[in-house]
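>>> Model the following, please.
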Amino acid sequence: MKGTAYLRRYWQLYALLIFPVSYFIIFKYGPMYGILIAFKDFNFFQGINGSEWIGFDGFKEVFAMPDFFKVLRNTLMLNFLDLIVSFPAPLFLAIMLYELKIVWFKKLSQTILYIPHFISWVIIGGIVYQVFGTQSGMINNILTSFGLDAIPFLTDKKDWLITYLVVGVWQSAGWGTIIYLAALTGINRELFEAADVDGAGRLRKIFSITLPSLKPTIVTLLIINLGHMIAIGFERPYIIGNTAVRDYADVLSTFVYRIGIESGQYTIATVVGLFQAVVGLVFVLGANYTSKKLADQSII
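Here you go, the predicted model:
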């Protein structure tokens, strides 16, 4: 009875939940019915219910494909390298922005750094080819004008990998500073004033005050990134990649697109997508378990 009275009193708050809950039911939980395709010999004309059950034969076929393990390796490799290269970049940028004393220059720098996040990957892909193209790229044109050899940024696998990581940092680092800057504003200014009295320099204050104060935020974001190790976006590897570097550029998302959309093997594509979701869930649960352990040890 008490719960009913509470519901009647605050019915407006519960009414506000109708739209977000409906969104998740319709667009998140509703499409999960399509998971059945992974266990059927899906026929487009017969539909999901009319297609023949094949059990785990689709999984056996996927795990027998050499390309599957290659794209799985590429996905983990690119995400791991992104974690090493792209994860620290927003932290360094945020600290440098925080240390700036000229307000107008600080705001201008933040605006410039945020812009790449709002640019479509299609446009970024065009910029990449204009800057790093072997034949007509700006950098190689400058190199060849000085009599130097052109660098195959987009056609050599190792050079492409470096280009992929650099472009990722450029696109995401600025936007990633927002969380760190918010955490930096919460640091007690008296700590810096006390450090000034003790004669500490700027680097000493960064290592003794700023970074320790950011430890909870760093650990939390690191755990979140580890939870998404198996997931990878489609646009970046698809647009920047090409057939010459497919050994590195072909990942789970592009593999699903090629198998499911281009080849029409919907069962295989669904199996790969389901596998990715299950492994991603394991990573997320593992990250959640780790975060709780760290919280119990008073680290975060």
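>>> First-to-last residue distance for stretch 101-121?
34 Å (Cα to Cα, to the nearest Å).
>>> no wait, stretch 114-127
Rule used - Cα to Cα; the end-to-end distance of stretch 114-127 is 17 Å.
>>> buried sites along that stretch?
116, 121, 124-125 (16 or more other Cβ atoms under 10 Å). From N, CA and C alone the C-beta is placed, and that goes for glycine too.
>>> List just the nearest of those to L214.
Distance to L214 across those (Cβ to Cβ) is lowest for P116, with 23.1 Å.
>>> I'd say the closest one and G168 touch.
No: between P116 and G168 there is no contact under Cβ atoms under 8 Å: 10.2 Å.
>>> what's the helix or strand for L81?
Applying DSSP states H and E as the criterion places L81 in helix 66-86.
>>> nearest spatial neighbour of L165, skipping sequence neighbours?
Nearest residue to L165 in three dimensions, chain neighbours excluded: V85, at 4.8 Å (Cβ to Cβ, 6 or more residues apart in numbering).
>>> which residues does that neighbour contact?
165, 168-169 (Cβ atoms under 8 Å, 6 or more residues apart in numbering).
>>> Confirm Y238 sits in a helix?
Yes: if the criterion is DSSP: H, G, I helix; E, B strand; the rest coil, then Y238 is within a helix.
>>> In contact with the residue nearest to the spatial centre of the chain, which residues?
Closest to where the C-alpha atoms of the chain average out (Cα atoms, centre = their mean) is I232, at 6.3 Å. Contacts for I232 (Cβ under 8 Å, 6+ apart) come out as 75, 78-79, 251-253.
>>> most surrounded residue in these?
V251 (25 neighbours; other Cβ atoms under 10 Å).
>>> ok, it touching R73?
No: taking contacts as Cβ under 8 Å, V251 lies outside contact range of R73: 9.4 Å.
>>> From the contacts of V85, pick the one nearest W11.
Nearest to W11 among the contacts of V85, with distances taken as Cβ to Cβ, is G168, at 46.5 Å.
>>> how close does the closest one sit to E235?
11 Å (Cβ to Cβ, to the nearest Å).
>>> Then A195?
On the measure of Cβ to Cβ, A195 and E235 end up 44 Å apart.
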